[in-house]
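Enquirer: give me a 3D structure for the following:
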Amino acid sequence: MALSLSGRKLATEVGACFAILVIGAVAVKYYRHGIEAYLAKLPPVTQSAADARKTATASVGRRTVELIAHDNGHFYADADINGRGVNVMVDTGASVVALTYEDARTAGVLPRDIDFTQRANTANGIAKVAPITIERLSIGGVEVRNVQAGVMEEGKLNQTLLGMSFIKKLNRFDMQSGRLVIEE
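Expert: Next comes the predicted model:
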């Protein structure tokens, strides 16, 4: 069966449209697979021990975490210190990250007795402090390296504090309306 010139032209155009649709469907499949693979690499969203909500999202190559204020107005988060979990409270009044003696033990950074060479004022009075450097401290997907910190002597601090030595290394620290956004 021979097609007329206009029939051949129509068949060619239909074939071209079909080819474009097939190529488009394949491209969408691989694009979607790439997005799903990227999302699978993001850290899981978790609940903090203090019942604070947080979410992790990607932001143009940077990681962002949002914390919701606890009922008492403070921001709590589950931090990862050198690969070990520790609950922290954000404290802009603390010059450095201040670890409780117990959390330092949990994180594997417990100093020797002779390392407690400095002193600090705490809510529980003056405490001996052992200065340390935390190799890696992260909250959700936000990670900071080589963070100056101090381990408080046993019984002198009730909660590990996420102080300014962590905060000042962030690209973004924005607090408003009971929400705190931090960005690597």
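
Enquirer: mind listing the strands for the protein?
Expert: 54-59, 62-68, 76-81, 84-90, 97-99, 118-122, 125-139, 142-152, 160-162, 172-176, 179-183 (DSSP state E).

Enquirer: which residues does the spatially closest residue to residue 104 that is not a sequence neighbour bridge with?
Expert: Once flanking residues are discounted, residue 104 sits nearest to residue 151: 4.2 Å by CB to CB, 6 or more residues apart in numbering. The way it works is simple: take the backbone N, C-alpha and C, and place the C-beta from them, glycine included. As for beta bridges, residue 151 partners with residue 99, residue 130 under DSSP bridges.

Enquirer: and the gap between residue 151 and residue 145?
Expert: 18 Å (CB to CB, to the nearest Å).

Enquirer: ok, back up a step: for the strands of the chain, which has the smallest mean pLDDT value?
Expert: Mean pLDDT is lowest for strand 54-59 out of the strands of the chain, coming in at a mean of 40.

Enquirer: how is the chain carved up into domains?
Expert: 1-41, 54-183 (automatic domain parsing).

Enquirer: next, format those as a markdown table and append mean neighbour count.
Expert: Listed next are these as a markdown table, based on neighbours: other CB atoms under 10 Å:
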| stretch | mean neighbour count |
| --- | --- |
| domain 1-41 | 9 |
| domain 54-183 | 17 |
